[in-house]
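**Student:** any chance you could fold what I've pasted below:
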Amino acid sequence: MTTKLFLDDAYLRSCTARVVDVTPAGIVLDRTVLYARSGGQPGDAGTLRWARGEAPVAEALKGDGEAVAHPIAGEGPAIGDEVEVTLDWARRHRHMRMHTTMHLLCSLTPGIGVTGGQIGAEKSRLDFDLPEPPPKEWWAERLNALVAEDHPVSFTWISDADLDANPQMVRTLSVQPPRGSGRVRLVRIGGEPPVDLQPCGGTHVARTGEIGRVTVLKLESKGRQNRRISIGLED
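**Tutor:** Down below sits the predicted model:
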């Protein structure tokens, strides 16, 4: 198991860790600041440094169980070695801004199922079960208003049983929230009542004002009812 430091603090940029396994998927550490690809969010990039060398990590991946794998090329550290993990912060921060924007997008469609999605540094998209979506201008105006209101973004933990008792909190039809540890992380935007509240294991900014101005790039039809909304960030 890898302790995922980003779950409690998405702003950590480096940490020291110990190698606990070397697998075909990559180096497994006892803890890391790198998010592993999952739930539509790309894995983080970064660098591993140890006494005998260093190597870039192009993208952290999920390993077995709760492990995070750090793929590198060539010879790497051995089991038991101490390493320093450094995050590619610029890339991660773009993902944090995008991911929080995706939650704001969900807040504009209460009760509408999310059928797919993908987060990227330059462009992100969500697919909705929404046969007649409003025009691009409607989405852009409301998204940027929520950003400008500078809502706080926080998280709490609930049990698997609590989530089972409140299934309406799960918005994504294609990706289920991470389970198995006995608890589920809830991301809240705003106070009470929240702007958005849903299970999520991804990384987010601390306040919506940090997102900056959002551009709605395209609305597309992806089937009889499936509508795709693509967004970008202006800087």
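**Student:** give the buried residues for the strand ranked longest in the chain.
**Tutor:** As far as residue count goes, and with DSSP state E defining each element, the longest strand of the chain is strand 14-23. Neighbour-count burial for strand 14-23, with 16 or more other Cβ atoms under 10 Å as criterion, is recorded at 15, 17, 19, 21. Placement of C-beta: from N, CA and C, glycine included.
**Student:** strand partners (parallel or antiparallel) of that strand?
**Tutor:** Each strand that strand 14-23 pairs with, and the sense of that pairing, follows from DSSP bridges: strand 26-29 (antiparallel), strand 82-87 (antiparallel).
**Student:** can you put those strands in a markdown table and add mean neighbour count and mean pLDDT?
**Tutor:** Converted to a markdown table, those look like this (neighbours: other Cβ atoms under 10 Å; pLDDT from 0 to 100):
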| stretch | mean neighbour count | mean pLDDT |
| --- | --- | --- |
| strand 26-29 | 25 | 98 |
| strand 82-87 | 20 | 98 |
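**Student:** distance check, residue 19 against residue 87.
**Tutor:** The gap separating residue 19 from residue 87 is 18 Å, by Cβ to Cβ, to the nearest Å.
**Student:** and what of residue 222?
**Tutor:** 33 Å.
**Student:** which residues sit in contact with residue 11?
**Tutor:** Applying Cβ atoms under 8 Å, 6 or more residues apart in numbering, we find residue 11 in contact with residue 206.
**Student:** circling back to that earlier point, let me have the strands paired with strand 14-23 in JSON lines, adding distance to residue 157 as columns.
**Tutor:** Below are the strands paired with strand 14-23 laid out as JSON lines (distance: least, Cβ to Cβ, whole Å):
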{"stretch": "strand 26-29", "distance to residue 157": "23"}
{"stretch": "strand 82-87", "distance to residue 157": "23"}
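**Student:** list phi and psi for the most far-flung residue of the chain relative to its centre.
**Tutor:** Here the chain has its C-alpha centre computed as a mean, and the residue farthest from that point, by Cα atoms, centre = their mean, is residue 52 with 32.4 Å. Residue 52 adopts backbone torsions of phi -100, psi 0, taken as degrees, to the nearest 10.
**Student:** quick one: what helix or strand has the nearest residue to it once chain neighbours are set aside in it?
**Tutor:** When the adjacent residues along the chain are set aside, residue 52 lies closest to residue 77, with 7.4 Å between them (Cβ to Cβ, 6 or more residues apart in numbering). For residue 77, there is no helix or strand it lies in under DSSP states H and E.
**Student:** let me see the contact set for residue 77.
**Tutor:** 19, 27, 48, 50, 52, 83.
**Student:** over to residue 76?
**Tutor:** Applying Cβ under 8 Å, 6+ apart, the residues near residue 76 are 22, 27, 48, 50, 53, 55.
**Student:** thinking again about what came up before, could I get the contacts of residue 77 as CSV with distance to residue 68?
**Tutor:** Written out in CSV, the entries for the contacts of residue 77 read as follows (distance: Cβ to Cβ, whole Å):
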residue, distance to residue 68
19, 12
27, 9
48, 12
50, 17
52, 22
83, 13
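**Student:** return the member of those nearest to residue 235.
**Tutor:** Comparing these against residue 235 with Cβ to Cβ places residue 48 closest, at 30.0 Å.
**Student:** can you give me the pLDDT of the residue nearest in space to the middle of the chain?
**Tutor:** Nearest to the geometric centre of the chain sits residue 202, at 2.8 Å (Cα atoms, centre = their mean). Residue 202 is assigned 95 on the pLDDT scale.
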